[in-house]
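*Asks:* Generate a structure from the sequence data that follows.
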Amino acid sequence: MASVPEAHPAPRLRVTKFREAAVSTLVGVGVVFLIYFARAELFGWRLAFYGALCGFSVYIGCRTLLALVGEPIRRRWSLPRPLVAAIVFFFGGALGWGLASLVAQATGLTRINFSVRDIGVALGVAGSLGLLFGLFFFFFRVLQERLGENVARLKEAEFAEKELELARSIQRRLLPPDAIEGDGFRVSARNLPARFVAGDFYDVFHLADGTVGLVVADVSGKGIGAALIMASVKAVVPLVAAGRSAAETLEHLNRKLAEELAPREFVALCFARYDPVSGALTIANAGLPDPYRISGVAAVEALSVPGSRLPLGARREVSYEELRLSVAPGERVLFLTDGLPEALDTAGEPLGYESLSRLIASAAGASGDFLDGLLASVRAATAKSIDDDWTALLLERRARDGA
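*Replies:* Residues are numbered from 1 along each chain as shown. Now for the predicted structure:
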């Protein structure tokens, strides 16, 4: 009638031990009356007290033997805990009952002359009860411990989920609004994370020379680590782009990130400078898919930037080139990360760039919001789950005020 001792008992554990001791004591009273039920002259408070003493002694004996002998043997010989507990509980029950009987005899509590048969029966019953109730308490305690561990893990998971929700909320606030309108242009964007937080990001900012900086990026990896890199890169891009061309911006960013990132960390980033007055657009690309120019209803053209396309941070010295073009009124330019063309269909095959081009053309000719329609089409053509972040940014040239 014992349980596994713990090094650091908690209030709940003390309550459990008290309950186990109380059960053992009551069982001892019942067993004594069952053993001596045929001897009516022995019934009374003395026999009840004797039974309580025996039950409590069995509990103490089992616990003491388990702590002093059982646990050291188990650790030394790497024996299963239930096997060691079963042996200890049997002998602990017999030992506790025997000691209680000796005390009762010495003090004259029972006034019973035990025969050899009485002693044998009593010790056998005590050992069996110690084994039975001890294993019951043992497995009940194990069940409690595992239940407590599961509850603790659930609480940790709930706390972690709340932390991730908070991180995602903060990340959303770091990104610009879904739609930004200025004199002569409109920019809309969508960011769908594969997890709570995204490694992809986009940004739109005004530069001192009147141009607009456009950024779409994909940080290697996923989760919190990628999100932290994303926040750091997003913060520094507007500062680096000031007074530099698109290609120079990527070269400066690359040198900076090559010194700061770990060997397998990198950032695929496309940076563009757009002049709302003339419609001139300069694009430099470091590892992202080609942007698409959408002309008319459904004419789609991939805009391939010449030169190196190595992601930022992969190698310290990289020379990037630019693609210069003019965006006509009504034309749109789509920037995106590789999560869209590499999205897997139900057969496990990537969507691919040809299929994506067709979906872009279809979305361009459809009514409603272009980006929402495009993302809905990609989702319909691929599996429901998103394995990589999806980010898309659309630049549209519009008539300027007073033009």
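
*Asks:* what number of residues lie near His369?
*Replies:* Check again: residue 369 is Asp, not His. 16 (other CB atoms under 10 Å). Every C-beta, even on glycine, is put in place using the N, C-alpha and C of the backbone.

*Asks:* In space, what's closest to it - neighbours in sequence excluded?
*Replies:* Residue nearest to Asp369 in three dimensions, not counting chain neighbours: Ser188, with 7.6 Å by CB to CB, 6 or more residues apart in numbering.

*Asks:* Give me the buried stretch members for whichever strand or helix holds that neighbour, please.
*Replies:* For Ser188, the host element (DSSP states H and E) is strand 185-192. Neighbour-count burial for strand 185-192, counted by 16 or more other CB atoms under 10 Å, picks out Phe185, Val187, Ser188, Ala189, Arg190, Asn191, Leu192.

*Asks:* where's the dip in pLDDT among the residues you listed?
*Replies:* When the buried residues of strand 185-192 are sorted by pLDDT, the bottom entry is Leu192 at 84.

*Asks:* if I look at that residue, how far off is Thr64?
*Replies:* With distances taken as CB to CB, to the nearest Å, Leu192 is found 62 Å from Thr64.

*Asks:* Ok, Gly55 next?
*Replies:* 15 Å.

*Asks:* Same drill for those two, tell me which one is more crowded.
*Replies:* A direct count of neighbours by other CB under 10 Å for Gly55 and Thr64 places Gly55 higher, at 30 against 17.

*Asks:* which residues does Phe271 bridge with?
*Replies:* Val215, Ala284 (DSSP bridges).

*Asks:* What's the mean pLDDT across the helix or strand hosting Phe205?
*Replies:* Secondary structure from DSSP H and E places Phe205 in strand 200-206. For strand 200-206, mean pLDDT rounds to 91.

*Asks:* mind giving me the domain ranges of this protein?
*Replies:* With domains defined by automatic domain parsing, the chain comprises 11-162, 178-397.

*Asks:* tell me the most buried of those domains?
*Replies:* domain 178-397 (a mean of 18; mean count of other CB atoms under 10 Å).

*Asks:* re earlier: what helices or strands is the strand holding Phe205 leaning on?
*Replies:* Contacts defined by 3 or more CB pairs under 8 Å, 6 or more residues apart in numbering; DSSP states H and E place strand 200-206 against strand 185-192, strand 212-219, helix 223-241, strand 390-397.

*Asks:* repeat that for 10 Å
*Replies:* For strand 200-206, the packing partners by 3 or more CB pairs under 10 Å, 6 or more residues apart in numbering; DSSP states H and E come out as helix 116-174, strand 179-182, strand 185-192, strand 212-219, helix 223-241, strand 267-274, strand 332-336, strand 390-397.

*Asks:* so where's the stretch 151-300 of the chain shaky on pLDDT?
*Replies:* Scanning the stretch 151-300 of the chain with the threshold set as pLDDT under 70 gives 159-174, 196-198, 221-225, 297-298.

*Asks:* Now do the strand holding Phe205 and strand 267-274, the angle between them.
*Replies:* Between strand 200-206 and strand 267-274, the angle comes out at 20 degrees (axes from the mean of the first three to the mean of the last three CA atoms, to 10 degrees).

*Asks:* Can you list the strands that strand 200-206 pairs with?
*Replies:* strand 212-219 (antiparallel).

*Asks:* Dump the strand it pairs with to PDB, keeping only the CA atoms.
*Replies:* Extracted in PDB, the C-alpha atoms of strand 212-219 (Å, rounded to 0.1, in the frame of the first residue of the first chain):
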ATOM      1  CA  VAL A 212       8.900  54.700 -54.900                       C
ATOM      2  CA  GLY A 213      10.800  51.700 -53.600                       C
ATOM      3  CA  LEU A 214       9.200  48.300 -54.000                       C
ATOM      4  CA  VAL A 215      10.500  45.200 -52.200                       C
ATOM      5  CA  VAL A 216       9.400  41.600 -52.200                       C
ATOM      6  CA  ALA A 217      11.600  39.100 -50.300                       C
ATOM      7  CA  ASP A 218      11.700  35.500 -49.100                       C
ATOM      8  CA  VAL A 219      13.900  34.600 -46.200                       C
END
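
*Asks:* That one versus strand 332-336: what angle between them?
*Replies:* 30 degrees.

*Asks:* Number the chain from 66, please
*Replies:* OK, 66 is where the count begins now, so the last one is strand 277-284.

*Asks:* Ala445 sits in which helix or strand?
*Replies:* helix 435-446.

*Asks:* what angle do that helix and strand 397-401 make?
*Replies:* 50 degrees.

*Asks:* Against which helices or strands is helix 435-446 packed?
*Replies:* strand 250-257, strand 397-401, helix 418-430, strand 455-462.

*Asks:* pLDDT averaged over it, what's the number?
*Replies:* Here the average pLDDT along helix 435-446 is 92.

*Asks:* try stretch 403-417
*Replies:* The model assigns stretch 403-417 a mean pLDDT of 88.

*Asks:* Send me it as CSV with only the CA atoms.
*Replies:* Taking Å, rounded to 0.1, in the frame of the first residue of the first chain, the C-alpha atoms of stretch 403-417 are listed here in CSV:
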residue,chain,number,x,y,z
ASP,A,403,8.5,31.2,-55.3
GLY,A,404,5.8,29.9,-52.9
LEU,A,405,3.3,30.4,-55.7
PRO,A,406,4.9,28.6,-58.7
GLU,A,407,6.3,25.9,-56.4
ALA,A,408,3.0,25.2,-54.7
LEU,A,409,2.2,21.4,-54.9
ASP,A,410,-0.9,20.0,-56.5
THR,A,411,-2.8,17.0,-55.2
ALA,A,412,-0.3,14.7,-57.1
GLY,A,413,2.7,16.3,-55.3
GLU,A,414,3.9,18.1,-58.4
PRO,A,415,4.8,21.8,-58.4
LEU,A,416,2.4,24.2,-60.2
GLY,A,417,5.2,25.5,-62.4
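
*Asks:* which residues sit against it?
*Replies:* 257-259, 263-265, 283, 333, 352-355, 399, 418-425, 439-440, 443-444, 446-457 (CB atoms under 10 Å, 6 or more residues apart in numbering).

*Asks:* mind checking the end-to-end distance for stretch 257-270?
*Replies:* 21 Å (CA to CA, to the nearest Å).

*Asks:* ok, back up a step: need the CA coordinates for the helix holding Ala445. PDB is fine.
*Replies:* Only the C-alpha atoms of helix 435-446 are listed here, as PDB (Å, rounded to 0.1, in the frame of the first residue of the first chain):
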ATOM      1  CA  PHE A 435      -6.700  40.700 -59.400                       C
ATOM      2  CA  LEU A 436      -4.600  39.400 -56.500                       C
ATOM      3  CA  ASP A 437      -7.500  37.800 -54.700                       C
ATOM      4  CA  GLY A 438      -8.600  36.100 -57.900                       C
ATOM      5  CA  LEU A 439      -5.000  35.000 -58.600                       C
ATOM      6  CA  LEU A 440      -4.500  33.500 -55.200                       C
ATOM      7  CA  ALA A 441      -7.900  31.800 -55.300                       C
ATOM      8  CA  SER A 442      -6.900  30.300 -58.700                       C
ATOM      9  CA  VAL A 443      -3.600  29.000 -57.400                       C
ATOM     10  CA  ARG A 444      -5.200  27.500 -54.300                       C
ATOM     11  CA  ALA A 445      -7.800  25.800 -56.500                       C
ATOM     12  CA  ALA A 446      -5.100  24.300 -58.700                       C
END
